[in-house]
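Chemist: The amino acid sequence is not available; the structure is as follows:
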């Protein structure tokens, strides 16, 4: 696996220091045509570097989710290559869906334990890891509850805890907070960036919210309408931790405007 | 069948209107009305029936009064109760077989699409052919009459379990399936941790229907077998009472059959609620 700093074909708005990090995964000239004949992706190139928080932003139906599913190995590309610099085992990739996607018949703890149970991890280690993951998302006391007893935001935290329990190096998130109210969403965004900073995962975060993307990311990739490909890359060079002040800062506003413009152009193209 | 199943499963959702602060007393009031209202109607009807028979002096062999039926029920308890137990045993055995075969076949169908395609037409044929017309054949070819009766009851009880379980096994959340794939779950893990629990509410809905049908199947088979020496099930006793023009005993037998059907339904509904109480919409009590 070679690292080529100039391989990205989309226009770069500025250099980010994240470019110095080693690559984790690279998608090259990906085409995805579904059995129905729908062309979801065409000539998509994308590079994720270790420790980045990358948002994938685009109009609905542009194939954002498909990109995540390709990286997770849930679907195969029709053409093109997906290259990992290191072999990721099952569990090293965490996936968070738009819905909490919990098993309603299982307690919170059992839901979070699922990835470990499927891999045959012994009970003692599982319990410890589950307690740790739940504590990290602030749900330590809800372990014995059933999903229906929780609010939408809490369910989403359980879903995140489940993705974290295997200590993944790559976290794929498919509009995880889209169904939540604005207040809950802002809070979870904030908690997510804190967790990301503390643990140094690589995150690929699909969203259709410009504001969320700017707040969360180190880099934003804008996708065109279907068939989707990456048409713009916008580094977000704001310092961490980002707090409420960041949301009202001129940097933030300017970035939002840049991203909005890029998105509008992508949709028109 | 599926329509029936869906109605069956969604019942109990409608009667849960949001309750206010005085939920406790309202709930108690609800429960009281639930018991008292049908009881009052029942007593009213029975009194009317009793009065009608007495005032118009209707002969007992045409229409016995409730009091006469009750007397008969007590007097012939030693005949009717063992018969009831036998019929119940047959229905239970048939239901057990239906569960084993229905769930087993549903699992088999979920393994491969071609198995489903190959078997379903015959399962449907078995279901739509009226058991009344099949029963005489079974009685001819199966030597042991009790086995024949169990077989008839099984035929009618089997399909709802098969159809519902299949529906349930196919109704798993797509994202959850992706998640299992992502974490490298094998086929058995997916079945055990995901498909079977997801199918449980559907299976229980089918079971509730199948319970009633097993009883009907047993009764039909006993009727068809008639005096061919099948034995002493409750349906046979009712038929026997008819031949002897013992109309009160017919009513007493019917009463016991109806009671048995209700008991089966209540037991299976209770089982369903017990198993689903933690998570399924149909078994949850709204708290706010």
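Modeler: Arrived safely, thanks for sending. Everything quoted here is computed from the prediction, not taken from an experiment.
Chemist: Show me which residues of the stretch 151-269 of chain A are close to chain B?
Modeler: Proximity of the stretch 151-269 of chain A to chain B (C-beta under 8 Å from any C-beta of the partner chain) is limited to residues residue A:166. C-beta: built from backbone N, CA, C; applies to glycine.
Chemist: Please, where are all the strands along the stretch 151-269 of chain A?
Modeler: Secondary structure of the stretch 151-269 of chain A by DSSP state E, counting those that start in this stretch: the strands cover A:170-174, A:202-207, A:219-223, A:230-235.
Chemist: Ok, which of these comes nearest residue A:102?
Modeler: For these, proximity to residue A:102 was assessed by C-beta to C-beta; strand A:170-174 is nearest, at 15.2 Å.
Chemist: list the helices and strands the closest one packs on?
Modeler: The helices and strands touching strand A:170-174, judged by 3 or more C-beta pairs under 8 Å, 6 or more residues apart in numbering or on different chains; DSSP states H and E, are helix A:64-72, strand A:93-96, strand A:202-207.
Chemist: contact partners of the helix or strand just after the second one?
Modeler: The element immediately downstream of strand A:93-96 (helix or strand, assigned by DSSP states H and E) is helix A:108-118. With contacts defined as C-beta atoms under 8 Å, 6 or more residues apart in numbering or on different chains, helix A:108-118 is touched by A:91, A:102-103, A:106, A:125-127, A:129-130, A:133-134, A:139, A:142-147, A:150, A:158, A:161-162, A:165-166, B:179-180, B:183-185, B:189, B:193.
Chemist: quick one: the helix or strand just after helix A:108-118 near chain B?
Modeler: Counting by DSSP H and E, the next helix or strand C-terminal to helix A:108-118 is helix A:123-136. No: contact of helix A:123-136 with chain B is not found when judged by C-beta under 8 Å from any C-beta; the minimum separation is 13.1 Å.
Chemist: circling back to that earlier point, among the helices and strands packed on strand A:170-174, which comes closest to residue B:273?
Modeler: Nearest to residue B:273, of all the helices and strands packed on strand A:170-174, is strand A:93-96, at 33.0 Å by C-beta to C-beta.
Chemist: Going through the contacts of helix A:108-118, which ones are buried?
Modeler: With burial judged by 16 or more other C-beta atoms under 10 Å in any protein chain shown, the buried subset of the contacts of helix A:108-118 is A:91, A:102-103, A:106, A:126, A:129-130, A:133-134, A:139, A:142-143, A:145-147, A:150, A:158, A:161-162, A:165-166, B:179-180, B:183, B:185, B:189, B:193.
Chemist: which residues of chain B fall in helices?
Modeler: B:2-10, B:23-55, B:66-75, B:77-111, B:113-128, B:131-141, B:145-169, B:174-182, B:187-190, B:196-225, B:234-243, B:247-276 (DSSP state H).
Chemist: can I get the ones you listed in TSV with distance to chain A?
Modeler: As requested, the helices of chain B are arranged in TSV below (distance: least, C-beta to the nearest C-beta, whole Å):
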stretch	distance to chain A
helix B:2-10	15
helix B:23-55	18
helix B:66-75	44
helix B:77-111	17
helix B:113-128	16
helix B:131-141	35
helix B:145-169	12
helix B:174-182	4
helix B:187-190	6
helix B:196-225	5
helix B:234-243	38
helix B:247-276	8
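Chemist: could those helices be laid out in TSV, adding mean pLDDT?
Modeler: Converted to TSV, the helices of chain B look like this (pLDDT from 0 to 100):
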stretch	mean pLDDT
helix B:2-10	40
helix B:23-55	89
helix B:66-75	94
helix B:77-111	92
helix B:113-128	88
helix B:131-141	86
helix B:145-169	91
helix B:174-182	91
helix B:187-190	90
helix B:196-225	92
helix B:234-243	88
helix B:247-276	93
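Chemist: quick one: which of those is nearest residue A:77?
Modeler: Nearest to residue A:77 among the helices of chain B is helix B:174-182; the distance by C-beta to C-beta comes to 16.6 Å.
Chemist: Flag every buried residue along that closest one.
Modeler: Across helix B:174-182, burial judged by 16+ other C-beta under 10 Å covers B:175-180, B:182.
Chemist: closest to residue B:275 among those?
Modeler: For the buried residues of helix B:174-182, with residue B:275 as the reference and C-beta to C-beta as the criterion, the closest is residue B:176, at 19.7 Å.
Chemist: Tell me if I'm right that the closest one and residue A:105 touch.
Modeler: No: checked against C-beta atoms under 8 Å, the pair residue B:176 and residue A:105 is beyond contact range at 11.3 Å.
Chemist: List the residues that contact the residue nearest to the spatial centre of chain B.
Modeler: Nearest to the geometric centre of chain B sits residue B:212, at 2.0 Å (C-alpha atoms, centre = their mean). Residue B:212 sits next to B:261, B:264-265 when contact means C-beta under 8 Å, 6+ apart.
Chemist: got it, and residue A:145?
Modeler: Applying C-beta under 8 Å, 6+ apart, the residues near residue A:145 are A:107-108.
Chemist: three-state assignment of it?
Modeler: Here residue A:145 is recorded as coil under DSSP: H, G, I helix; E, B strand; the rest coil.
Chemist: Just the pLDDT for it.
Modeler: Here the pLDDT value assigned to residue A:145 is 92.
Chemist: ok, it to residue A:109 distance?
Modeler: Residue A:145 is 9 Å from residue A:109, where distance means C-beta to C-beta, to the nearest Å.
Chemist: do the same with residue A:211
Modeler: To residue A:109, residue A:211 is 34 Å away according to C-beta to C-beta.
Chemist: Specify which residue of these two has the higher count of neighbours.
Modeler: Higher neighbour count among residue A:211 and residue A:109: residue A:109, with 20 against 17, using other C-beta atoms under 10 Å in any protein chain shown.
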